[in-house]
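Novice: Got a predicted model here, sequence first, then my questions.
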Amino acid sequence: MKNVLVLGAGQLARMISLAGTPLNIDVKAFDVRTNKVINPVYPQHIYGELADGINSADVITAEFEHIAHDVLTQCETSEKLYPSSCAIKTGGDRRLEKKLLSSCNIPNAKHVVIESKEDFDSVLTKLSLPVIFKSALEGYDGKGQWRMKSAEQATQLWVEMSAFIKNSTSSVPQGIIAEQMVPFDREVSLVGARSTTGEIAVYPLTENHHDNGILSISIATKPVQALQEKASAVFKALAEELNYVGTLAIEFFQIGGDLLVNEIAPRVHNSGHWTQQGAETCQFENHLRAILGLPLGNTELIRPSAMINIIGEDRITEAVMAIPSVNVHWYGKEKRVGRKMGHINVSGENEEQLSVRLHLLADLLSPVAFSEVKPFTLQYFK
């Protein structure tokens with residue numbers, strides 16, 4: 001049996017653990033809120049402090065990128081951490097992420113790094129409106145973001161952003177990235193894995209739709225080959241530049257036949273949950289295979305699939321389970337507004353069948369809690 005310690009004890013650690021069980025891989029998680037090592041499926045089971053988890057682990061990995069640097073240093077000193085602390089820090093700091101993209105000559109939105117009032121004042125001379133501002137650290141699911149549509153907003157926005165920077169409790173100085181807003185056609189992402197041996201395997205490009213900054217639905221069907229090749233080339237360049245080990249997600253803006261990188265996530269990713277039913281080997285299993293040096297599993301699309309996030313709801317009608325190839329995954333969390341409580345995967349033998357099942361599913365789900373599902377389905381399969 002191999003032992004893996006995951007930094008973070010949320011739903012991603014839970015799903016990594018569930019994927020590891022058939023492979024005789026024991027997964028424990030370090031809960032950064034309590035500083036205890038726990039079972040990510042049964043969190044009432046506690047196994048000691050971080051040092052205990054490090055000592056008993058064969059490999060250490062992470063389920064999120066906003067990890068205290070002293071924790072990363074302690075783990076990296078053990079020479080068991082995959083991906084590296086450098087890769088995790090890069091995914092958690094948009095400033096480092098932008099430097100990485102520039103060093104690899106990978107297209108991304110025109111931007112300005114803001115760490116002072118002078119930097120902020122320079123935005124309107126370097127970028128044209130509209131502009132989106134994103135926190136350099138700790139921004140996710142639409143948090144830590146501001147939009148400027150007119151110059152008249154500048155004074156109030158700077159009051160808000162300067163307070164945000166000043167009140168940051170992160171161990172690294174906070175900052176803001178100002179980005180030229182991109183008139184993209186759609187948002188897509190690529191999830192793939194690179195192992196300790198350098199083997200790379202990527203999944204098909206996935207189209208994503210967000211609601212209030214939170215991923216609502218992802219859908220994986222047969223990708224456009226030219227776009228798949230471009231995205232795969234970006235994945236290979238970034239993974240090799242970082243000497244990356246594990247599952248890595250890259251979010252893109254598609255503009256015609258071109259792709260601009262929006263951001264990277266050095267971990268298993270929400271837009272890859274469809275792989276649990278739509279691929280032979282899911283992203284969670286391939287992450288474990290990668291960090292343990294095992295051969296990577298098949299990442300080809302075996303059937304068109306979609307993933308719908310369950311946000312802020314702790315129950316859905318059981319009637320959805322009567323629809324063929326619908327699988328519900330709950331995370332065991334307490335209900336909270338805006339919280340990811342679980343997800344639904346639905347598949348079909350072809351796109352037409354997937355469309356029929358998504359329409360049936362949309363009719364059964366709450367039109368308030370799942371307001372984006374039906375419009376997206378109608379648009380995607382028009």
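Specialist: In hand now; what should we look at?
Novice: Would you mind giving the secondary structure of the closest residue to Ser150 other than its chain neighbours?
Specialist: Leaving aside its sequence neighbours, Ser150 sits nearest to Leu129 (C-beta to C-beta, 6 or more residues apart in numbering; 6.7 Å). Every C-beta, even on glycine, is put in place using the N, C-alpha and C of the backbone. Each residue gets one of three states, and Leu129 gets coil by DSSP: H, G, I helix; E, B strand; the rest coil.
Novice: OK, contacts around Leu129?
Specialist: Taking C-beta atoms under 8 Å, 6 or more residues apart in numbering, we find Leu129 in contact with Met148, Lys149, Ser150, Ala151.
Novice: Now the two most distant members of the residues you listed.
Specialist: Farthest pair in the contacts of Leu129 (C-beta to C-beta) is Lys149 and Ala151. Separation: 9.3 Å.
Novice: can you tell me how far the residue nearest to Ser150 sits from Phe284?
Specialist: Separation of Leu129 from Phe284 (C-beta to C-beta, to the nearest Å) stands at 41 Å.
Novice: likewise Leu23?
Specialist: Leu23 is 11 Å from Phe284, by C-beta to C-beta.
Novice: So for these two, which sits in the more crowded spot?
Specialist: Applying other C-beta atoms under 10 Å to Leu23 and Phe284 shows that Phe284 carries more neighbours, namely 24 against 14.
Novice: Which of the helices or strands spans the closest residue in space to the more buried one that isn't next to it in sequence?
Specialist: Nearest residue to Phe284 in three dimensions, chain neighbours excluded: Ala19, at 3.7 Å (C-beta to C-beta, 6+ apart). Following DSSP states H and E, one finds Ala19 within helix 11-20.
Novice: name the helices or strands packed onto that helix?
Specialist: Applying 3 or more C-beta pairs under 8 Å, 6 or more residues apart in numbering; DSSP states H and E, we find helix 11-20 packed against strand 2-7, strand 25-31, helix 283-291.
Novice: So what touches the second one?
Specialist: Here strand 25-31 makes contact (C-beta under 8 Å, 6+ apart) with 1-9, 13, 16-17, 20, 36-40, 43, 47, 50, 53, 56-57, 63, 71, 288, 292.
Novice: of the residues you listed, buried ones?
Specialist: Using 16 or more other C-beta atoms under 10 Å as the burial test, the contacts of strand 25-31 include 2, 4-9, 13, 16-17, 20, 36-40, 43, 50, 53, 57, 63, 71, 288, 292 as buried.
Novice: Ser189 versus the most centrally placed residue in the chain, what's the distance?
Specialist: Most central in the chain under C-alpha atoms, centre = their mean is His269, positioned 3.5 Å from the mean C-alpha point. With distances taken as C-beta to C-beta, His269 is found 7 Å from Ser189.
Novice: Glu115 too?
Specialist: On the measure of C-beta to C-beta, Glu115 and Ser189 end up 29 Å apart.
Novice: ok, now Lys340?
Specialist: From Lys340 over to Ser189 the distance is 16 Å, taken as C-beta to C-beta.
Novice: quick one: which of those two has more around it?
Specialist: The neighbour comparison of Lys340 against Ser189 (other C-beta under 10 Å) goes to Ser189, with 25 against 18.
Novice: which element follows the strand or helix carrying that one toward the C-terminus?
Specialist: Following DSSP H and E, one finds Ser189 within strand 186-194. The C-terminal neighbour of strand 186-194 among helices and strands, as given by DSSP H and E, is strand 200-202.
Novice: okay, the angle between the next helix or strand along the chain from that following strand and strand 186-194?
Specialist: Toward the C-terminus, strand 200-202 is succeeded by strand 206-211 as the next helix or strand (DSSP H and E). On the basis of axes from the mean of the first three to the mean of the last three C-alpha atoms, to 10 degrees, strand 206-211 is oriented at 130 degrees to strand 186-194.
Novice: Quick check: mean pLDDT of strand 206-211?
Specialist: Taken as a whole, strand 206-211 has a mean pLDDT of 95.
Novice: Could you pull out the buried residues of it?
Specialist: By neighbour count with 16+ other C-beta under 10 Å, strand 206-211 contains the buried residues Thr206, Glu207, Asn208, His209, Asp211.
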